[in-house]
Each structure stands twice: as structure tokens, then as C-alpha cells.
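Asks: Return a 3D structure for these sequence lines:
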Amino acid sequence: MTRSVAPAALDPDGHLYVFGYGSLIWQPGFAHLGAHPALLRGFHRRFCLWSRLYRGTPEVPGLVLGLDRGGACRGVAFRVAGQDAGAVLDYLDARENIGGEVVYTRRLLPVRLLDGGRMVRAVAYVANRGHPAYCRPCPETAAAAIARGTGQAGPNRDYLLNTVVHLRAMGVRDGGLDRIAALLGGN
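Replies: Residues are numbered from 1 along each chain as shown. As a prediction, the model looks like this:
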């Protein structure tokens, strides 16, 4: 059963906006009315969460992206019809926090749409620094984990490279991701 969405989650235009910065960019998994290049200030994209299911195993964990404090992040703001907001949030909560484990904190943050400059309130999933999966590996450690990791969603390397390819198609170069990709020989 889909729960109702608090009106505060919707932008004043009546839509739900979801900020994607990693796999949501290239595999959102939900219906949307539009995808806008967007900028989120105060957070940056970083491989900062151990993955023991999607991109790794308990024995050989991989790494996944999270929004971590500081800096800015270019990504995509997906515009979702207000009447679909509850179902989309249920889907995203289950996708991002498997089994109810709060690896990501769902936040409502101001995001600038870069195809017009308008500010919207967007749902974003921020890395939970208090969770045991949170980490801050150096690029070499991240590259080694990503090279080894394979989980239910496939090789960790594919997750990194798909994200880099889609960011570049948007005209975005992420120095941190580019460095890890170079260490893997995929840049």
C-alpha cells in the first residue's frame, strides 16, 4: 500500500523532485515527467558506503555512492507527478535502504534546475555517517574495492563506469570518480 505524501515533500508547483547523482541518473526505475540537469550545494558525490548486496558481498564488499557533506554536486532532478509521489518515495526508500536499514537519510533539499535556473525542493538520499557502512576510503582503496566487488546488481566496476559515462554525457566531469576510474584503467 502506498502511503500519502506530506504536502511539504512536494514543490510549490505540485510535483515531487528527486535528485539523482549516481545510478538514479542512468537507471531511475520510476516514471517521471521530466529530467532536468541540476545542482545541489552543500553536498558532494563520493564512494562512501560499503555495499554487501548490490555491488558486493559480505565477504567481498564493494562501494556505492552517497551524498556526503561539503561542496556541490551536479546531477539530475527528476520531476514526478504529485499523485505518483507516494509510490515513488516508497520505491526509493526500499531501493536505497534495503530491509529498512537506514544507510541513506531521505532529505528535502534546495536544488537549482540548470535548464532555467529555478530553485526547487528535491528529495535526495544523503549518506548516513552514523551507519557502519559509512567509510571514507582513499582513491586507491576505493579502486581496489570496486575492482573486486560484484553483487546482485552486477560488477561494482560497471556501476562506476556507467556513472562516469552518463555524467560526461551531461557535460559533467567528477574529479574523484575520474581518478578512481583511471586507477581501474577505465578512464
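
Asks: hey, let's count contacts and neighbours off CA atoms from now on
Replies: Will do.

Asks: for stretch 41-52, what is the average pLDDT?
Replies: Confidence for stretch 41-52, expressed as mean pLDDT, is 97.

Asks: which parts of that stretch are buried?
Replies: By 16 or more other C-alpha atoms under 10 Å, the buried positions in stretch 41-52 come out as 43, 44, 45, 46, 47, 48, 49, 50, 51, 52.

Asks: Including secondary structure and distance to residue 123, could those go into TSV?
Replies: Output for the buried residues of stretch 41-52, formatted as TSV (DSSP: H, G, I helix; E, B strand; the rest coil; distance: C-alpha to C-alpha, whole Å):
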residue	secondary structure	distance to residue 123
43	strand	13
44	strand	15
45	strand	15
46	strand	18
47	strand	20
48	strand	19
49	strand	19
50	strand	22
51	strand	22
52	coil	25
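
Asks: Which elements pack onto the strand or helix carrying residue 86?
Replies: Secondary structure here is read from DSSP states H and E; on that basis residue 86 sits in helix 85-96. Judged by 3 or more C-alpha pairs under 8 Å, 6 or more residues apart in numbering; DSSP states H and E, helix 85-96 has no packing partners among the helices and strands.

Asks: Buried residues in it, which are they?
Replies: The neighbour-count criterion (16+ other C-alpha under 10 Å) identifies 85, 86, 87, 88, 89, 92, 93, 96 as the buried residues of helix 85-96.

Asks: ok, so what distance separates the residue nearest to the last one when sequence neighbours are not counted from residue 14?
Replies: Excluding the flanking residues, the one nearest residue 96 by C-alpha to C-alpha, 6 or more residues apart in numbering is residue 104, at 6.5 Å. Here residue 104 is placed at a distance of 25 Å from residue 14 (C-alpha to C-alpha, to the nearest Å).
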